[in-house]
Each structure stands twice: as C-alpha cells, then as structure tokens.
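**Q** Here is a sequence with its predicted model. Questions after.
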Amino acid sequence: MDIKSTIRDCIRTLKVARKPTKDSLLTSLKVTLLGFFLVGFIGFVIKSLVYILTKYAP
C-alpha cells in the first residue's frame with residue numbers, strides 16, 4: 001500500500017469523525033464496563049466450579 005494513499009485515507013477519516021455526545025459516551029462506557037464485569041464473573045464462576053470439582057472429586 002502506498003504511503004500517500006494511507007495518509008489521504010487517515011485525513012479523510014479524521015474529517016468525517018465527530019466528537020461523541022455526552023450521552024453516547026456514557027452509554028458506551030456503561031456497556032463496556034458491563035461487559036468487563038460479566039466476563040470476569042463468568043471466569044470466576046468457572047474457576048470456582050473447577051476448584052470445587054477437583055477438590056471433592058474422588
């Protein structure tokens with residue numbers, strides 16, 4: 001890929017991009033944090049189940 005076309009594409013993208021509104025930013029933040037906590041909770045449950053099953057398995 002040519003350097004000039006890459007720079008041109010980056011400039012075009014920056015011209016089209018707009019700053020998000022406060023509501024949009026807060027919604028994105030909430031969804032991201034919810035995803036982090038959900039993945040962490042699922043990992044915690046799986047790790048706890050594996051621990052319990054290996055500790056009390058014959």
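**A** Nice, thanks for sending it over.

**Q** Can you give me the distance of Gly40 to Arg8?
**A** 41 Å (CB to CB, to the nearest Å). Using the backbone N, CA and C atoms, a C-beta is placed for each residue, glycine as well.

**Q** same question but for Tyr56, I mixed them up
**A** Distance from Tyr56 to Arg8, by CB to CB: 63 Å.

**Q** any idea which element the residue nearest to the spatial centre of the chain lies in?
**A** Taking CA atoms, centre = their mean, the centroid of the chain lies closest to Thr32, which sits 5.6 Å from it. Element membership for Thr32 (DSSP states H and E) is helix 22-56.

**Q** What mean pLDDT does that helix get?
**A** When pLDDT is averaged over helix 22-56, the result is 97.

**Q** same thing with stretch 5-15?
**A** If you average the pLDDT values across stretch 5-15, you get 95.

**Q** what does it rub up against?
**A** Stretch 5-15 is contacted by no other residue when judged by CB atoms under 8 Å, 6 or more residues apart in numbering.

**Q** in it, what counts as buried?
**A** When burial is assessed from 16 or more other CB atoms under 10 Å, stretch 5-15 yields no buried residues.

**Q** Off-centre distance for that stretch?
**A** Mean C-alpha position of stretch 5-15 versus that of the full chain (CA atoms, centre = their mean, to the nearest Å) differs by 25 Å.

**Q** wait, what's in contact with the residue nearest to the centre of the chain?
**A** By CB under 8 Å, 6+ apart, Thr32 has no neighbours at all.

**Q** Could you check how far it is from Leu26?
**A** 11 Å.

**Q** ok, now Arg8?
**A** For Arg8, the distance to Leu26 - CB to CB - is 34 Å.

**Q** And Ile7, which helix or strand is it part of?
**A** Assigned by DSSP H and E, Ile7 falls in helix 3-16.

**Q** Give me the distance between that helix and the centre of its chain.
**A** 25 Å.
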